[in-house]
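> sequence? don't have it. structure:
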């Protein structure tokens, strides 16, 4: 009968970069139980000349398959269960795939192994509520000048123009700025068009200013934070950044390989250049997670349901659980920023 506990001992040691190493010993009884399961599975499918399938003697099956092969498979079963129990018993927030090294495996012996895994880092924040209060409402008045409106009008009149290029069409060939032109765009008159442009530009500036203020608050909080940043989270951010950039390049009609050639760079160089940015992104997300945990801030259930419905309609083949985590993170981040902003008003 299998013992109640799946392991005899588990010694946990903290390493750098939010990693831990666990030295584990699994008793002979547990290993033998799993060996029996593995052996019966092999016996059922074993084909030994002179015997019906599944009826060959144990010694002949072991001679054909090998005792160590059976033990290795049994060890994998034991390790999987023990790791799951150790994580639960010790309330370890493990992330990523663990690395396992078997240190002792032999017939009639206990099983010993070392397992290394990344855990969510311990985060110590300073007085973030006090820091947030230092950032009062935006004093700078958001204004849109006539020149900015005219630039947008010219872009609308000349749709062939691309950013950074001169007007493709001569000025005389552009449609005149009249009420009729505005009406062709579905607006009342020219003044209505100008007002809409002005309002849109103002909203863009407000969004930009809001984002800048939010990052200033988080940057200041980060200065007083202590975080043992895991390489795994930095690597995850780098992968996302590279994937997004590659999509943008390929959507413009250029292959990523050609882009690298034209830019005289490599993916490895880009990753190295972007590493500080990836580290900052990972650190910011951990800070936001910690504040959300401290303040018991969660995503609004109705908003989450609504956003989930939209994204699954647009991307029906998307992984539902991954989509939920993605949206939940965005909504929670927004709620945390709103909490910090309220402190400064």
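Sure, I can see it. Please read all numbers here as calculations on a predicted model, not as lab measurements.

> wait, residue 11 sits on residue 22?
Yes. Under the criterion of Cβ atoms under 8 Å, residue 11 makes contact with residue 22 at 6.9 Å. Every C-beta, even on glycine, is put in place using the N, C-alpha and C of the backbone.

> Comparing these two, which residue is more hemmed in?
Shown here are residue 11 and residue 22; by other Cβ atoms under 10 Å, residue 22 has more neighbours (24 against 10).

> Pretty sure the more buried one sits in a strand.
Yes. Under DSSP: H, G, I helix; E, B strand; the rest coil, residue 22 falls within a strand.

> and residue 19, how far is that from residue 119?
Residue 19 is 7 Å from residue 119, where distance means Cβ to Cβ, to the nearest Å.

> got any residues that touch both of the two?
residue 230 (Cβ atoms under 8 Å, 6 or more residues apart in numbering).

> Which parts of the strand or helix carrying residue 275 count as buried, going by neighbours?
Residue 275 is located in helix 267-294, with elements delineated by DSSP states H and E. Under the neighbour-count criterion of 16 or more other Cβ atoms under 10 Å, helix 267-294 has 270, 274, 278-292 buried.

> beta partners for residue 124?
Following DSSP bridges, residue 124 is listed with bridge partners residue 226.

> burial measure for the residue nearest to residue 94 when sequence neighbours are not counted, as a count.
Nearest residue to residue 94, sequence neighbours excluded (Cβ to Cβ, 6 or more residues apart in numbering): residue 117, at 4.8 Å. Residues within reach of residue 117, counting by other Cβ under 10 Å, total 21.

> average pLDDT across the helix or strand hosting residue 117?
Using DSSP H and E, residue 117 falls within strand 111-119. What strand 111-119 shows for mean pLDDT is 96.

> do stretch 152-160 as well
Across stretch 152-160, the average pLDDT comes to 82.

> list the buried ones in that stretch?
152, 153, 156, 157, 158.

> now it: how far from the chain's centre is it?
Here the centre of stretch 152-160 is set off from its chain's centre by 38 Å, with Cα atoms, centre = their mean, to the nearest Å.

> how about the residue nearest the centre of the chain, secondary structure?
Nearest to the geometric centre of the chain sits residue 236, at 6.0 Å (Cα atoms, centre = their mean). Following three-state DSSP, we place residue 236 in the helix state.

> same thing with residue 175?
The three-state assignment at residue 175 reads coil, by three-state DSSP.
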